[in-house]
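Student: return atomic coordinates for the entry below.
(2 chains)
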Amino acid sequence: MSEALEVTSAPSIANGQALPLSEIPWLSENDFRETVVRRVEAGGRLSALFGRPCEDDQRLRLIAVIADPLNATFHIAATEVGDRFRSLTPSCPQAHWFEREIAEQWGVVPEGHPWLKPLRFHPSYREGHDAWGRAVGETILPGVQPAGTDYFKVEGEEIHEVAVGPIHAGVIEPGHFRFQCHGEHVFTLEIELGFQHRAIERRLIGGPHKRTPHYMETLCGDTTAGHATAYCQAVEALSRGEPPIRAQALRGIALELERLANHTGDLGALAGDIGFLPTLSFCGRLRGDFLNTTAMICGNRYSRNLIRPGGVTCDVDDALAEAMIAKVEVTLRDVEGAVDLLWKTPSVMARFEETGQVSRQVARQLGLVGMAARASGVDCDARHDFPTGIYRFAQIPLSVVDSGDAFARAYVRWLEVQRSGKFVLDQMKSLPGGAVRGDVGKLAPDSLVVSMVEAWRGEICHVAITDHEGRFAHYKVVDPSFHNWIGLAMSLRDQQISDFPLCNKSFNLSYCGHDL
Amino acid sequence: MLRVLGERWRQGYRTIAFPDGEPPKMPPRYRGLPVIDSSKCPDGCRQCADACPTDAITAGDTLKLDLGRCLFCTDCTDACPEGAISFTEDFRLASRGREGLVLDGKAFQRAEALDEKSRKLFGRSLQLRQVSAGGCNACESDINVLGTVVFDLGRFGIHLVASPRHADGLIITGPVTENMKRALKIAYDATPAPKIVIAVGACAISGGPFVDHEQQHNGAGSVVPVDLYIPGCPPHPLTILDGVLRLLGRIEDGRRPLTGP
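Tutor: Below you'll find the predicted structure:
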């Protein structure tokens, strides 16, 4: 029975490979659940689980993408459901956030979901279908739970509730944090998002059009290189084209410079959140130096307008390469000097160590990705597990630390700074020749593609489905923050509330990348 | 302690002299203030207007480019067969009025200072509360970076504060999502008068890439009156700093000549 399931029920594709929709079997709801649950139990990870309406708009198609790192493939499972279906979450906790999204977007109820709340606080995409029974046109207030759900509450003597946000201290995107506390001690943290929702996914349908690349670059504006690369990979897979190798090297450089800038800024901000100002000061400048290196390539500090289907829009000649190498070398040395102070200062280590621990078991169960997962000892990295582009030829060693605390999340960043720095220098010193952009043909009709990139926070997963004209019938974007916000909530359990800024910064998740 | 001091000595003093002295050089590929030369346009050509992702360009007798919608990408310059649009390295883009952001071939009017009374109040001490109402984190980051040593906002008496109650004004990013509309209004109402509002980035001015989407409101002006518009996607930190300093009368063309046209 299980062998039959293995072979026929979930076709597998590589990262950046298109599959005709006709090759995806439509499973029964039971077989779909079995496939997803068994594959995740066997070591897979749920990278995407989303809905799209059937033509008659009455039933909903569910599509699951299960990443199989051992075989570097993705398994695709699909089924059709009506207004209710049996939730996967009790057997597969990784599905929990996805099922909330499906419920909110399509008005379908995953029965048995342990914590069914809205995700982004917007009306259902299908009028007349609402998972919480709200009427059409009813006002939806962000952060206000619909009838039948509520914030988790702890009752008792001296329990108090702390609510922060949407606007919270600092120059930062909005989100709502609800703490249940006893004095300084936090029992639980509940996070509600949706304040940044700009309704982007709906606008991708019918593309690519002239705004599409700009959406990809701004849906999560500090991960421009990450999402732009994922989008271009999807388009190139659908048009059976591959960008020239020089372009792939430049894309890798842009992606790693983005990682370097953000990690450097984060290490500084982590120092700031515990009051250690020297590293905060130095890293504040050094982050800018990495951003300015990116601007040397394309004129924009966030690599806007650089990565496009077919390759990249700007080339780097020998003189520019030399200037960039010199700048990166100096910056890396200064980052080392600034960050070294952290590990050598006992008061800093005392704040970092054992704060906000997330165990490897919890990280695996909840399907955390990226830096946060690697800091809990989970060895997942899409550059390693599902390499595309330049990462097929140049490997960056994985940065994994076991302790799962704020120190681990800081130290993983430091390891990645060193390794990405070396990668950028190696690539700049040995850029392959040739063009930087090739042509892109028409997109294959009636096809599906999964495109995954390891952006600086973690794995980005784009799933594109084309219609019979080769235009996007559906486009799903999963930012790494989608998986990881629950990790932050878990890390605050049994911690001091004064450690919240430190824990929050140690994850540094995207609000807009989650809210789209 | 000695280690920290040693590192500080090694890293050196890094604050730029701006606004005094020569402004720092922008990277060669930086896209600053666009210039339009309608005389180069072939008859009836609309390539740039059609290519622009946010419809920032109106083609007609004269070409008009709305900096408030402009993402400073290269879709228009790539589409133009005659080089009628090009980007300069001029980073001074802020404007007091929304209409002032529409370029039509005449000289760009840079932001003037606030009235004398406001300058007396805010000129040497301005506290700003940043509100992200759907921003993608690029504008937020480039505002945040102004507090770091290179730009050192604090030396102008400008600080980003944690509460609107402590603030003299709001500095807003993002197109104003539906889910942040109420929070933005509450933050504005909570800010004691007299107060100012600065809109940073294409989203906060016009909705940016999300213009006319559902679930958002095409910029800060939909909720609050705006005193200063700083275009860009995101605007370079120097553009933001230049704009705010002009608002406070700390930079005035003619009195402090800067290089450039």
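
Student: measure residue B:211 to residue B:58 for me?
Tutor: 14 Å (C-beta to C-beta, to the nearest Å). No exception for glycine: its C-beta is placed from N, CA and C like everyone else's.

Student: what about those two, which has more around it?
Tutor: residue B:211 (21 against 16; other C-beta atoms under 10 Å in any protein chain shown).

Student: and the more buried one, what pLDDT?
Tutor: pLDDT, residue B:211: 94.

Student: you'd agree it is up against residue B:176?
Tutor: No - with contacts defined as C-beta atoms under 8 Å, residue B:211 does not count as touching residue B:176, sitting 11.7 Å away.

Student: list the residues that contact both of the two?
Tutor: residue B:218 (C-beta atoms under 8 Å, 6 or more residues apart in numbering or on different chains).

Student: next, give phi and psi for whichever residue of the stretch 251-400 of chain A sits closest to chain B.
Tutor: Of the residues in the stretch 251-400 of chain A, the one nearest chain B is residue A:284, at a distance of 3.0 Å by C-beta to the nearest C-beta. Taking degrees, to the nearest 10, you get phi -60, psi -40 for the backbone angles of residue A:284.

Student: for the stretch 1-150 of chain A, what lies in contact range of chain B?
Tutor: A:120-122, A:141-142 (C-beta under 8 Å from any C-beta of the partner chain).

Student: got a list of what residue A:278 touches?
Tutor: Per C-beta under 8 Å, 6+ apart, neighbours of residue A:278: A:271, A:338, A:341, B:4, B:7-8.

Student: of these, which is the most crowded?
Tutor: For the contacts of residue A:278, the largest number of neighbours (other C-beta under 10 Å) sits with residue A:271, at 28 neighbours.

Student: what ranges do the helices span in chain B?
Tutor: B:2-11, B:47-51, B:75-79, B:116-122, B:138-144, B:178-190, B:202-206, B:237-247 (DSSP state H).

Student: which regions of the chain lie under the pLDDT threshold?
Tutor: Since no chain was named, I'll use chain A. A:1-9 (pLDDT under 70).

Student: the intended chain is chain B.
Tutor: B:254-261.

Student: how does it look with 50?
Tutor: For chain B, the stretches flagged by pLDDT under 50 are B:256-261.

Student: give me the distance from the strand ranked longest in it to the chain's centre.
Tutor: For chain B, the strand that runs over the most residues, judged by DSSP state E, is strand B:126-132. Remark: strand B:126-132 is offset 14 Å from the chain centroid, using C-alpha atoms, centre = their mean, to the nearest Å.

Student: how's chain A carved up into domains?
Tutor: A:2-96, A:200-515 (automatic domain parsing).

Student: contacting residues around residue A:247?
Tutor: Here residue A:247 is in contact with A:310-312, A:435-438 (criterion: C-beta under 8 Å, 6+ apart).

Student: so which of the helices of chain B is nearest residue A:80?
Tutor: Closest approach to residue A:80 among the helices of chain B (C-beta to C-beta): helix B:178-190, 31.3 Å.

Student: and that closest one, which residues are buried?
Tutor: Neighbour-count burial for helix B:178-190, counted by 16 or more other C-beta atoms under 10 Å in any protein chain shown, picks out B:178-181, B:183-184, B:187-188.
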